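**Q** need coordinates for the following:
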Amino acid sequence: MKSALTPRRRARLSRLGPNLVLIAAALFFAAPILSTARQALQKVPMPLLTWGTATDKWTLEGVRRIFDEENFWPTLQTSLQLALATVVVTLVLLVPTTLYVHLRLPRARSLVEFLTVLPYVVPPVALAAGVAAFYRANARWFFNWSWSLVPFYVIMALPFTYRSIDAGMKAIDVRTLVDASRSLGAGWTRTFTRVLLPNLASSLVSAAFLTATVVLGEFTIAVTLAKRTFPTFSFEYFGRDPQGGVALALLTLLATTMLLLGLTVLTRPKAQRSRRSRRPHPPTGMSS
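**A** Below you'll find the model as predicted:
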C-alpha cells in the first residue's frame, strides 16, 4: 500500500507548484480589478472601509453619470472609427507583405521582424512630436485631418499584428498551399481569396482584435497631437469626476475583456478542427 501511495503523493506535489503559480497570477490580476470595482460602485472612502461598512453605499450612480457626458459618445464613435480604419489599413498592408516575405524573401524575415519591433524602441511621444513638427511646417492639412492618427496606430500595432499574421502563415505552410493551388490552374487572385484567406481567418481575426485594443487604449499620441479620442476623454473625465473616471476605466476593462473573449470564441473552432484533422485514423478494415 505504501509503494502504491507514493506515486500519488509525488504527482500531487508535482502539481502543487504550477497550481500555486496559477493562484498567485489570478490574485495578481483579480485584486486590482476588485479594487477598481469597489471604488467605482461604492461611496465609502478607503480609510473608512471596514467589515461593517463593506456592504454600505453601493450604487451605480458613477456608471450612470458616464453616459450623461456630452463628449462620451462622440469620442467613443471617433475611436471606433479610427479602430476600424486602422484594422483595414493594417491588414491591407501586412497580409501581402508577410506573404511576399514568406514566398520570395525568406531570408529577410529577421529584418522585417526587427523593423516591426521598432515601435517598442521609439517612444510614442517622440514619434508623435517629430512627425507633428514636420507636418505642421509642410502639410498642415494632414495634421488637421481627423484621420491623421491612423498611420500612427498602424505603426504602434505592428509588433502584435505582424506576429499574429506571421504565425498563421507558418502554421498553414503557405508555400505548399500556393504551389498546390497554382498547379491546379488557379490564378494569384483566386489563390489568395479562396485558399489563403480562409486558412488565415483565425490569425486575421486575432490581428484585428489586437489592433482594435491598441487604438482604444492609446493616449500618448492622441494627446500630443491634440486629438479628441476616447482615451483623452477618459483622462479628462477622471480629473473632473474621480469615481466616474474609475467606473469608466472599469467599463473599458470589461469591454476589452469581451473583445478577447470574442477572439477566443471566433478562433477556437478553427483550432479544434485542425487538431481533429491531424489525429491519426485507424486503418480500414479494423474494428473499433
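**Q** just checking, what packs against whichever strand or helix holds residue 232?
**A** Residue 232 belongs to helix 230-240 when assigned by DSSP states H and E. Applying 3 or more CB pairs under 8 Å, 6 or more residues apart in numbering; DSSP states H and E, we find helix 230-240 packed against helix 72-103, helix 201-217, helix 220-224, helix 242-278. Quick note: C-beta positions are derived from backbone N, CA and C, even for glycine.
**Q** hang on, residue 216 packs against residue 258?
**A** No. Residue 216 is beyond contact range of residue 258, at 11.8 Å (criterion: CB atoms under 8 Å).
**Q** higher neighbour count, the two?
**A** Legend: neighbour count by other CB atoms under 10 Å for residue 216 and residue 258, higher for residue 216 (20 against 10).
**Q** local confidence estimate at the more buried one?
**A** Note for residue 216: predicted pLDDT of 88.
**Q** pLDDT below threshold where in the stretch 101-250 of the chain?
**A** Within the stretch 101-250 of the chain, the set of residues satisfying pLDDT under 70 is empty.
**Q** just the helices in the stretch 1-150 of the chain please.
**A** For the stretch 1-150 of the chain, applying DSSP state H, counting those that start in this stretch gives helices covering 2-41, 61-68, 72-103, 109-121, 124-138, 140-144, 149-172.
**Q** so of those, which one's packed in deepest?
**A** With neighbours defined as mean count of other CB atoms under 10 Å, the helices of the stretch 1-150 of the chain peak in mean count at helix 149-172, which reaches a mean of 20.
**Q** tell me what it is packed against?
**A** For helix 149-172, the elements it packs on are helix 72-103, helix 109-121, helix 124-138, helix 201-217, helix 220-224, judged by 3+ CB pairs under 8 Å, 6+ apart.
**Q** just so I know, which of the ones you listed lies nearest residue 53?
**A** Closest to residue 53 of the helices and strands packed on helix 149-172, according to CB to CB: helix 72-103, at 30.7 Å.
**Q** what angle sits between that closest one and helix 230-240?
**A** Following axes from the mean of the first three to the mean of the last three CA atoms, to 10 degrees, one obtains 140 degrees for the angle between helix 72-103 and helix 230-240.
**Q** and the angle from helix 72-103 to helix 109-121?
**A** 160 degrees.
**Q** tell me what helix 72-103 is packed against?
**A** For helix 72-103, the packing partners by 3+ CB pairs under 8 Å, 6+ apart come out as helix 109-121, helix 149-172, helix 174-183, helix 201-217, helix 230-240.
**Q** try it again with 7 Å
**A** helix 149-172, helix 174-183, helix 201-217, helix 230-240 (3 or more CB pairs under 7 Å, 6 or more residues apart in numbering; DSSP states H and E).
**Q** contacts for the last one?
**A** Contacts made with helix 230-240 from outside it, assessed by CB atoms under 7 Å, 6 or more residues apart in numbering, are listed as 69, 71-72, 75-76, 79, 216-219, 222-223, 244-245, 248-249, 252.
**Q** quick one: the helix holding residue 232 to chain centroid distance?
**A** 22 Å (CA atoms, centre = their mean, to the nearest Å).
**Q** next one: stretch 121-140
**A** On CA atoms, centre = their mean, the centre of stretch 121-140 falls 25 Å from that of its chain.
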